[in-house]
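**Q** Here's my sequence, what's the structure:
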Amino acid sequence: MTRIVKYIFYDILRTRFILLYTAFLLVSTIALFQLDSDPGKVVMSLLNIVLMVAPLISIVFATIHFYNSYEFIELMLAQPVNRSVIFLSEYMAVAVSLCLAFIAGVGIPMLFYGAGSTGFTLLFCGVVLTLVFTSLAFLASVLTRDKAKAIGIALLFWFYFSLIYDGLLLWVVYTFSDYPLEKVTISLIALNPVDLARIIMLLRLDISALMGYTGAFYKDFLGSNAGAIASVGILLVWVIAPLAWARQIFSKKDL
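**A** Numbers count the residues shown, from 1 in each chain. The predicted structure is shown next:
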């Protein structure tokens, strides 16, 4: 498995996309630190990149890579190698390359400029969201043999979690505003990894007071040790569940 992962990883590096992605993150992060000396404000600005750009790049790149690797996958399937090993090797190589690009592009400037613990929280959220959307990309890839349809499904995942879900959540809160929805809102946020990562970062930046009573409720629940562990656990479920489903489909799929 290690040899397969190394081969796929080196093949990804030869495309140079990962290097361009790293350079984009590096230039963007350094530029933000040059414009504002306050690390807290820079982290807040970088939060938009973490919540929007990193998931989009991850899900699109992983989907395209999976289809570009079809010949290699078919070749490996002709060998006495377990299907799960091939599938997980593909995932690990793509996920590790994207995570390393994110850590290098955002983490190095943060370390240099001294972003502190909020910067490390941002890195954690970015890495986890990268893993989540890479898992969703692999799920979209195994659902159909058509590359265009798979990219469409992947983009639909991104649109739903990054844009559409927030609108639905606001509609629920507005429609049932006469009822106590704090606990319900916590449950609904758990169904969206992007929103969960956003809340974790807002609490870490200590601006929950700007969110009113709901923000205070989030701080009481998610700000505690139990809440933090629960949040991390939910995010890990979002990484594992789509990947496990995709692996199951791939294991039974006729390529």
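
**Q** from here on, contacts and neighbour counts on C-alpha atoms
**A** Noted.

**Q** Could you list the low-pLDDT ranges of the protein?
**A** 1, 115, 173, 177-183, 206-225, 227, 254-255 (pLDDT under 70).

**Q** what ranges do the helices span in it?
**A** Ranges of helices in the chain, per DSSP state H, are 2-14, 17-35, 39-48, 54-68, 70-77, 83-102, 108-113, 117-143, 147-159, 165-175, 182-190, 193-204, 212-222, 225-252.

**Q** Flag every buried residue along stretch 228-239.
**A** Going by neighbour count (16 or more other CA atoms under 10 Å), the buried part of stretch 228-239 is 231-232, 234-236, 238-239.

**Q** swap in stretch 73-90?
**A** For stretch 73-90, by 16+ other CA under 10 Å, it's 73, 83, 86-90.

**Q** before we move on, what about stretch 158-176?
**A** Per 16+ other CA under 10 Å, stretch 158-176 contains these buried residues: 158, 161-162, 165-166, 173.

**Q** Next one: Pro39 from Leu32, what distance?
**A** Pro39 is 9 Å from Leu32, where distance means CA to CA, to the nearest Å.

**Q** typo on my end, Met201
**A** 18 Å.

**Q** higher neighbour count, the two?
**A** For Met201 and Leu32, the more surrounded residue by other CA atoms under 10 Å is Met201, and the numbers stand at 22 against 18.

**Q** Does that one touch Leu122 like I think?
**A** Yes - contact status for Met201 versus Leu122: in contact at 6.7 Å, counting by CA atoms under 8 Å.

**Q** overlap in contacts of those two?
**A** Leu47 (CA atoms under 8 Å, 6 or more residues apart in numbering).

**Q** re earlier: which of the helices of the chain is buried the deepest?
**A** For those, the largest average neighbour count (mean count of other CA atoms under 10 Å) is found in helix 117-143, namely a mean of 24.

**Q** Relative to the whole chain's centre, how far out is it?
**A** For helix 117-143, the separation from the chain centroid amounts to 2 Å (computed by CA atoms, centre = their mean, to the nearest Å).

**Q** just checking, what packs against that helix?
**A** Secondary-structure packing of helix 117-143 (3 or more CA pairs under 8 Å, 6 or more residues apart in numbering; DSSP states H and E): helix 39-48, helix 54-68, helix 83-102, helix 147-159, helix 193-204, helix 225-252.

**Q** Tell me what angle that helix forms with helix 83-102.
**A** Between helix 117-143 and helix 83-102, the angle comes out at 140 degrees (axes from the mean of the first three to the mean of the last three CA atoms, to 10 degrees).

**Q** Contact partners for the residue nearest to Gly107 when sequence neighbours are not counted?
**A** The shortest distance from Gly107 to any non-neighbouring residue, by CA to CA, 6 or more residues apart in numbering, is to Leu123 (6.7 Å). Leu123 makes contacts with 102-103, 106-107, as judged by CA under 8 Å, 6+ apart.

**Q** For those residues, pick the one with the most neighbours.
**A** So for those (other CA under 10 Å), the most neighbours sit at Val106, 27 neighbours.

**Q** Now for that residue: which residues touch it?
**A** 25-26, 29, 123.

**Q** try 6 Å this time
**A** 25-26 (CA atoms under 6 Å, 6 or more residues apart in numbering).

**Q** likewise Cys99?
**A** So Cys99 contacts Val127 (CA under 6 Å, 6+ apart).

**Q** try it again with 7 Å
**A** 127, 130 (CA atoms under 7 Å, 6 or more residues apart in numbering).

**Q** Distance of it relative to Leu123?
**A** Distance check for Cys99 against Leu123: by CA to CA, it reads 10 Å.
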